[in-house]
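J.: just the structure for this:
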Amino acid sequence: MLGRLNLFGGQAPIKGNADLLNRKQRRLPGPRFVATRAWPQPLSGELPEPLRATDGRKPDAPPEDVFTLDTITQRMPKIMQSVVKGMPEALKTESFEQNIQALQDEMRDGAQLRPLASGSARVGADGWNEHLSEFIERGEGWHTAPWWVVENYMYKRLLEDGLVDFRVECGAYIE
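T.: As a prediction, the model looks like this:
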């Protein structure tokens, strides 16, 4: 028999044409019913360890761990390449392209992270360096620092490298 869940755990039967009429009018027949389930709080207890690229090198690594390794060594360098390809030719300087190539090599090789050097507000080096310092002091690199940190760090480095060259090329138009 068709039915609907009521607050007391049983089913209330659906009756004939009156119910069909009510559904056509977009009204619920009878009293309103609510069903809830008690879910555990999402942040209760200990948080899991952050994902790192090195997790993907473990034997029998689950797909999400392999994803982090592939992201840092393959996907992120491709993103950098697409940035260079998509730039107007007038803004592509040789030094910018060399910086992007060096950044791609760092990602693939798992080089150690370094502080951001730019004083630009767009890069936000002061705040980022404060957070990066714990990873830098431990000697962590692209493959050993948390994946979420290095993915965001990549974009900060792109801004840093780009702003240095763009400031030279565009002068007063930047900042």
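
J.: so where do the helices sit in the chain?
T.: 16-24, 63-70, 76-86, 94-109, 125-137, 147-170 (DSSP state H).

J.: out of these, deepest packed?
T.: Among the helices of the chain, ranked by average contacts under mean count of other Cβ atoms under 10 Å, first place goes to helix 147-170 (a mean of 18). In this view, the C-beta of every residue, glycine as well, is placed from N, C-alpha and C.

J.: sketch out the low-pLDDT regions of the protein for me.
T.: 1-44, 163-175 (pLDDT under 70).

J.: re earlier: tabulate the helices of the chain (TSV), appending distance to Glu49.
T.: Below are these laid out as TSV (distance: least, Cβ to Cβ, whole Å):
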stretch	distance to Glu49
helix 16-24	50
helix 63-70	11
helix 76-86	21
helix 94-109	21
helix 125-137	14
helix 147-170	11
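
J.: closest one to Ser118 among these?
T.: Minimum separation from Ser118 across the helices of the chain (Cβ to Cβ) falls at helix 147-170, 4.2 Å.

J.: which ones are touching Arg108?
T.: Residues near Arg108 by Cβ atoms under 8 Å, 6 or more residues apart in numbering: 73, 77.

J.: how near is the residue nearest to Ala53 when sequence neighbours are not counted to Met107?
T.: Spatial nearest neighbour of Ala53, excluding adjacent residues (Cβ to Cβ, 6 or more residues apart in numbering): His143 at 3.9 Å. For His143, the distance to Met107 equals 9 Å [Cβ to Cβ, to the nearest Å].

J.: need the residues touching each of the two.
T.: Counting by Cβ under 8 Å, 6+ apart, the residues touching both His143 and Met107 are 72-73.

J.: residues in contact with Leu132?
T.: 113, 115-116, 149, 153.

J.: out of those, which two sit at the greatest distance?
T.: So, those by Cβ to Cβ: farthest apart are Pro115 and Val149, at 13.4 Å.

J.: ok, how many other residues are close to Trp142?
T.: If you count neighbours by other Cβ atoms under 10 Å, Trp142 ends up with 25.

J.: and the residue nearest to Ala53, how many neighbours?
T.: By other Cβ under 10 Å, neighbour count at His143 equals 22.

J.: how close does it sit to Leu69?
T.: 7 Å.

J.: got it, and Ser118?
T.: From Ser118 to Leu69 the distance is 28 Å (Cβ to Cβ).
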